[in-house]
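Q: 3D, please:
(2 chains)
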There are 2 protein chains.
Amino acid sequence: MSELTEQESYRTEISKLGEFGLIDHLTKNIELQNSSSRTGVGDDAAVIDHEGYQTLVSVDLMVEGVHFDLTYTPLKHLGYKAIAVNLSDIAAMNGEPQQVVVGIALSSRFPVEAIEEIYEGMLMACKRYKIDLVGGDTTSSTSGLFISVTVIGRAKAEDICYRKGSAAGDLLCVSGDLGAAYMGLLLLEREKAAFKANPNVQPDLEGFDYVLERQLKPEPRTDIVVLLKEAGVKPTSMIDISDGLASEIMHLCKASGVGCRIYEDKIPFDPVTLNTADSFRMVPAVVALNGGEDYELLFTVKQSDFEKVRQIKGISIIGHMTENKGHADMVTSDSQVIGLTAQGWDALKNKADY
Amino acid sequence: MSELTEQESYRTEISKLGEFGLIDHLTKNIELQNSSSRTGVGDDAAVIDHEGYQTLVSVDLMVEGVHFDLTYTPLKHLGYKAIAVNLSDIAAMNGEPQQVVVGIALSSRFPVEAIEEIYEGMLMACKRYKIDLVGGDTTSSTSGLFISVTVIGRAKAEDICYRKGSAAGDLLCVSGDLGAAYMGLLLLEREKAAFKANPNVQPDLEGFDYVLERQLKPEPRTDIVVLLKEAGVKPTSMIDISDGLASEIMHLCKASGVGCRIYEDKIPFDPVTLNTADSFRMVPAVVALNGGEDYELLFTVKQSDFEKVRQIKGISIIGHMTENKGHADMVTSDSQVIGLTAQGWDALKNKADY
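A: Have a look, this model is predicted:
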C-alpha cells in the first residue's frame, strides 16, 4: 500500500455521507442545555422561548483567506473562534447568549474529518459558554471554507445596552487587556513568511503563548456582563472590540452624539503584548487602537458608578466622554493630544492582507 | 476617454466604501415594519420581542457555483430567492416569519452596484412578506459569492407544526404544484449549453415563463399558513419541499415513525411543467419526486379535517400515511406500486452538477 493510499484511508469524503448524513453525524451528540431551547437541530427551524425576555440576534461570517489562514489556524480553534466572536456581540448588548445556528460551506478538498474538527471546536465553545447549537446548514463551495454563525441571546428590555446612550462626562471603560490578538497575528504571519523562505526553519513561538492564544482562541467576555450586573452597574453604552479600539470608540461617539478623550497610559496591556510590540518596533497604543480582534468590552458608565466599577477586577477606566461631538482624542504619555481616526481592521478594505 | 474607463465610471469598488460605509449605504432606507423588531441594523445585535410567542430560527446558505449560476441568475432575483427560501422554513413550522439577518461574502470582481442589486432583491422580498432586515455582515471573499440568511419567526407554542406528529391514516397534502422549478433549471442549463456551443444562438425561452419564474423567483407559501389557520386546521406534521417530494416524504415518515402511500395521478402539475417535461422526455412524477426547489408546503392532516382542507383552494391531497414504518410508495397511473427513495437534490453530493 503506497503512502498516499494509506493516508487516504483516513479520509472520509463528505459526498459519501451527503448533507443529511453529515448533519446527523455531526449533531447526534448535542444535548440542549438551556430551557429556552425548545427544539434544536432536525426540523425546518429551531424553536426558542425567551418568555419575559427580548431576543438578541447577530450574524458574523468568517471567510478563508480573509478572516483566517489555514496554514496556521487549527480547524478546532477556528470552530471555537467562530462561536466565540459571535457570543461577544451578545455580551456587547449586555445580554446572555443562548443559542447559535451555524452555516458551513466547504470545498471537496476538505474531508469529513475536517468538518468534524470545526464542529468539535464549535461545540467546545458552546459547552464552555452553555450555548445550544440549534440549527445549521452545511453545503459545498467551489473553493475555500466559509463559516456563518448566527447567535441568539436574551436580555430583559431594561438591561439592554446600545451603542447610543452615553453622555458627556461618562467614564470610558474597557475589560481585560488590548492588542494581544493583533500581536499574535503578526507573529504567525512572520513565522509563515520565514517558513516559506526556508521550510527547514523551526517556528520560533516560545514565550508567546498568550498573544497566540488571544489570536487563535479568543474568549467572549460574558463574565463581565455578569460582574457588572452583580455590582449594580448598567453601562450607558457598550460595544465589543473587534476592529480596534479607535474604531469602536468612534462608533460609540457617533451613535451617542458625544466626543471622547482617552489617556495612553491608561490603556491596559499584558507584558507579553508589550514585549511582542517591542520586538516588532511598534508602539503598544497604536497596536491597541488599530489592531482589532481583542473581543474585550468597551463601555461607558456614569461618573456616579466610579466606585462600583473600580472594584471590579479586570476593568480599566481609560478616559471619558466629552461634548466635542464626533471627535475623539488621546492624551499621550508625554502629554500631547492627538486625534483618533478609525483605522481598524476592515475585511473589505484590507482583504489583500493575506 | 477609452471605453474601458467609461465603463469603469459606472463601477464603484467596494473597497472605496469599506465595510461600515457599505452597510450604511445598503441599509439607510430600511424602515422596520414589525412591532416585534425593536432595534434593527446598526448595533452589535438586533433586538426582537416575541412576547407571548415562541421564536423560530433557521439558516440557509447559498453558494455560487453550487446553488446558483450567475450566467443566468439576475442578482436581484438571487437576493429575492435567498430571502424567500428562508421564509419557507418558517412557514413549514406553521409560523410567521418576522425578521432576517443577512451575511454576504463576495470577491472584488463584484462592484458596489452588484451588492446593491442583491440587497434590492432582498428588500423586495422583505417588503412583499412584511419582513424586517435587522442585521447583517458583509465581507470579502477570495473568490465567489456566498449568501447566508438567518430568518427569525414566531408562533404560538400550540400552533407549531413539526416534522414529527403524523399518524397512520392522516391525509398527505401539498400546496400549489410541483416540478416547475426543476424544469426551469433544466431549461436554463440547456440554453446555457447552447449559448456556449454557439454564442450567436438566441435563447429559446418563450412560453416557459412560469417554470423559469418558479426557478428564479420562488415564493414561500406563508399564505397557506394563514388559510389553514382560518379554516381551523392544524397540520399534524409539516415540511417545505426544497429537495424534492420523495426526500421530504421520507423526512416526515422518519420523524413521525409512519409510512406513506401516494398516488401518481394526484400529484399537482402546471400545464407548462407538463409541456416542459414532455420536451425533455421526462416523466412528470419523477420530476416532482426528485426535482426540488418547489418551496411548496407538504403536510399531513387528520382525516376528520378532510372537508375543511378540500375547500381550501390550491391544496391537493396526494396520499395518506400508513403503519408501514419508514416505507413510502407510490401507486402509479397504471396501478403499479413502486417504492420511493429519497433522491432529491443534495448540495454535497451533487455539487459537480454545475
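
Q: how close does residue A:332 sit to residue A:92?
A: 28 Å (CB to CB, to the nearest Å). All C-beta atoms are positioned from the backbone trio N, CA, C, and that covers glycine.

Q: can you give me the helices in chain A?
A: Counting by DSSP state H, chain A forms helices over residues A:3-8, A:14-27, A:75-91, A:112-128, A:180-197, A:209-216, A:222-230, A:245-256, A:271-279, A:284-290, A:306-310, given from the N-terminal end onward.

Q: Redo those as JSON lines? Include distance to residue B:325 and mean neighbour count.
A: Listed next are those as JSON lines, based on distance: least, CB to CB, whole Å; neighbours: other CB atoms under 10 Å in any protein chain shown:
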{"stretch": "helix A:3-8", "distance to residue B:325": "38", "mean neighbour count": "9"}
{"stretch": "helix A:14-27", "distance to residue B:325": "18", "mean neighbour count": "18"}
{"stretch": "helix A:75-91", "distance to residue B:325": "36", "mean neighbour count": "25"}
{"stretch": "helix A:112-128", "distance to residue B:325": "29", "mean neighbour count": "19"}
{"stretch": "helix A:180-197", "distance to residue B:325": "53", "mean neighbour count": "19"}
{"stretch": "helix A:209-216", "distance to residue B:325": "47", "mean neighbour count": "21"}
{"stretch": "helix A:222-230", "distance to residue B:325": "44", "mean neighbour count": "18"}
{"stretch": "helix A:245-256", "distance to residue B:325": "56", "mean neighbour count": "24"}
{"stretch": "helix A:271-279", "distance to residue B:325": "60", "mean neighbour count": "18"}
{"stretch": "helix A:284-290", "distance to residue B:325": "62", "mean neighbour count": "23"}
{"stretch": "helix A:306-310", "distance to residue B:325": "61", "mean neighbour count": "14"}
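
Q: Give me the residue at the spatial middle of chain A.
A: With the centre of chain A defined as its mean C-alpha position, the nearest residue by CA atoms, centre = their mean is residue A:85, 2.8 Å away.

Q: need the contact list for that residue.
A: Residues in contact with residue A:85 (CB atoms under 8 Å, 6 or more residues apart in numbering or on different chains) are A:60, A:62, A:149, A:218, A:220, A:242, A:293, A:295.

Q: Kindly report the same for residue A:26.
A: Taking CB under 8 Å, 6+ apart as the definition, contacts of residue A:26 comprise A:115, A:116, A:119, A:138.

Q: ok, now with 7 Å
A: With contact taken as CB atoms under 7 Å, 6 or more residues apart in numbering or on different chains, residue A:26 is in contact with A:115, A:116, A:119.

Q: cool, and residue A:91?
A: Residues counted as contacts of residue A:91 (CB under 7 Å, 6+ apart) are A:220, A:221, A:222, A:224, A:225, A:240, A:297.

Q: separation between the third one and chain B?
A: Summarising the geometry, the distance separating residue A:222 from chain B, computed by CB to the nearest CB, to the nearest Å, is 13 Å.

Q: pretty sure residue A:11 contacts residue A:111?
A: Yes - Residue A:11 is in contact with residue A:111 according to CB atoms under 7 Å; the separation is 4.3 Å.

Q: one step back: dump the contacts of residue A:26 to JSON lines, plus pLDDT.
A: Supplementary listing: these in JSON lines, determined by pLDDT from 0 to 100:
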{"residue": "A:115", "pLDDT": "86"}
{"residue": "A:116", "pLDDT": "87"}
{"residue": "A:119", "pLDDT": "90"}
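
Q: ok, those vs chain B, which is closest?
A: residue A:115 (10.2 Å; CB to the nearest CB).

Q: these two touch, right, that closest one and residue A:105?
A: No - counting by CB under 7 Å, residue A:115 stays clear of residue A:105, with 10.6 Å between them.

Q: Check the gap between the nearest residue to residue A:16 once chain neighbours are set aside and chain B for me.
A: If the residues on either side of it in the chain are set aside, residue A:16 comes closest to residue A:112, at 7.5 Å by CB to CB, 6 or more residues apart in numbering or on different chains. With distances taken as CB to the nearest CB, residue A:112 is found 10 Å from chain B.

Q: And for residue A:270?
A: As for residue A:270, its distance to chain B is 24 Å (criterion: CB to the nearest CB).

Q: Show the contacting residues for that residue.
A: Residue A:270 makes contact with A:177, A:180, A:210 under the criterion CB under 7 Å, 6+ apart.

Q: what's the pLDDT at the nearest residue to it once chain neighbours are set aside?
A: Beyond its immediate neighbours in the sequence, the residue positioned closest to residue A:270 (CB to CB, 6+ apart) is residue A:177, lying 4.6 Å away. In this model, residue A:177 is scored at 98, pLDDT.

Q: Please tell me how far residue A:253 sits from residue B:27.
A: 20 Å.

Q: Now residue A:332. Nearest residue, chain neighbours left out?
A: residue A:264 is the one closest to residue A:332 (CB to CB, 6+ apart), at 4.7 Å.
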